[in-house]
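**Q** Sequence plus predicted model, see below.
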Amino acid sequence: MKRYLIDPKQKWLKANLHCHTNLSDGCLTPAEVKSRYMAHGYDVVAFTDHEILHDNSHLCDENFVALTAVEYSINDHADFWRDEKCIHLNLFSRDPHNTFHTASSVRNAGRYYERFKDEFRCDGYDRVFTVESINEVVRRANEAGFIVQYNHPNWSLNTREDYMAIEGLWSLEILNYCTELETGAEYCPGIYEDMLNHGKRLYCSMGDDNHNDGGKDFGSYGGVTYIGVDKLTYEEVFDAMARGNIYCSSGPKIHSLFVEDGKVVIETDPAVNVVFTSRNRRFMNRAGEALTRAEFPLDFVTEYFRLTVFDDKGGRAHTRAYFSDELNQ
């Protein structure tokens, strides 16, 4: 029996899950960001301003969803911020009107607190850069109805010891487009595989981290997460994200992914290669000309598999990891 993992009958919404506006250190208003992203074919933007969680649901309409979200830092509070050890997390809220910043502290809000102190609410938890504190932040966020994305581990100079200790994550940001353009070091599928191979169960996603400095579009429209829904509503978008009905891409689109008769089949935009990964095993499917379909056996998969599609312009599309017990349900 054919079982779709990426179903072509669904709407696959184009989303940017990492975005800054002039509510924190970005240069454009949320409305201006919405206008620019819609002009580039986007259906969803998560407004992840630093430390202050805003309800931007007034921007939602029949063609666009504005996700209520925040980028949340956990620092060791060195004398100069560039010397700090840090971890950055995006928290996405199930409830678009929930602006209670769980596990927040005024200290971490820094310069934004004075601007928004009348609406800033927190539960008094003063987070610090320790394994215990990081996991407490994620736990409190999950309990309050958020899913948590781990952002740009290379920019944050995080080590394997740091990321292996985090529990309860929804996703790893495997491409932070703006930082990748600036440093060449923020495309990190290897970290995703490392986490998977050591028992972490999480998805992968991409985002722009756009700030639109000077009102320009540097760092925009490059790290896309596609979300599969039946209709465009806030609730459906969040639910699809939470259950992993997503894939991400810096170029090619995936048209379908299904399991049938002991194999997995993927159909895509024209590609130069498709790579099937299962734990430390890789199988490649190359073609001398444009490849739009590839299939791989599943008989040896014990824990998970995922696929990567390469186009001729250097773009890559990634499925999330699909775990064996999911396929047996």
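**A** Good, I have the coordinates.
**Q** Sketch out the low-pLDDT regions of the stretch 101-250 of the chain for me.
**A** The model of the stretch 101-250 of the chain has pLDDT under 70 over residues 101-113, 116-124.
**Q** can you do 90?
**A** 101-129, 133 (pLDDT under 90).
**Q** Tell me where it has strands.
**A** 146-150, 171-176, 203-207, 224-229, 246-249 (DSSP state E, counting those that start in this stretch).
**Q** Which among the ones you listed is found nearest to L17?
**A** For L17, the closest of the strands of the stretch 101-250 of the chain is strand 203-207, at 4.3 Å, according to Cβ to Cβ. Every residue, glycine included, has its C-beta placed from N, CA and C.
**Q** helices or strands up against the closest one?
**A** strand 171-176, strand 224-229, strand 246-249 (3 or more Cβ pairs under 8 Å, 6 or more residues apart in numbering; DSSP states H and E).
**Q** if we can go back for a sec, compile the strands of the stretch 101-250 of the chain into TSV and extend it with columns for distance to S156 and mean neighbour count.
**A** Listed next are the strands of the stretch 101-250 of the chain as TSV, based on distance: least, Cβ to Cβ, whole Å; neighbours: other Cβ atoms under 10 Å:
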stretch	distance to S156	mean neighbour count
strand 146-150	9	25
strand 171-176	10	27
strand 203-207	14	29
strand 224-229	20	25
strand 246-249	19	26
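**Q** Now render those strands as JSON lines, adding distance to R286.
**A** Putting the strands of the stretch 101-250 of the chain into JSON lines (distance: least, Cβ to Cβ, whole Å) gives the following:
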{"stretch": "strand 146-150", "distance to R286": "32"}
{"stretch": "strand 171-176", "distance to R286": "22"}
{"stretch": "strand 203-207", "distance to R286": "23"}
{"stretch": "strand 224-229", "distance to R286": "24"}
{"stretch": "strand 246-249", "distance to R286": "19"}
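**Q** Which of the ones you listed sits closest to T68?
**A** Once the strands of the stretch 101-250 of the chain are compared by Cβ to Cβ, strand 146-150 is nearest, at 9.4 Å.
**Q** Run through who's touching the closest one.
**A** 17-18, 87, 89-94, 102, 138, 141-142, 163, 166, 168-173, 202, 205, 207, 238, 241-242 (Cβ atoms under 8 Å, 6 or more residues apart in numbering).
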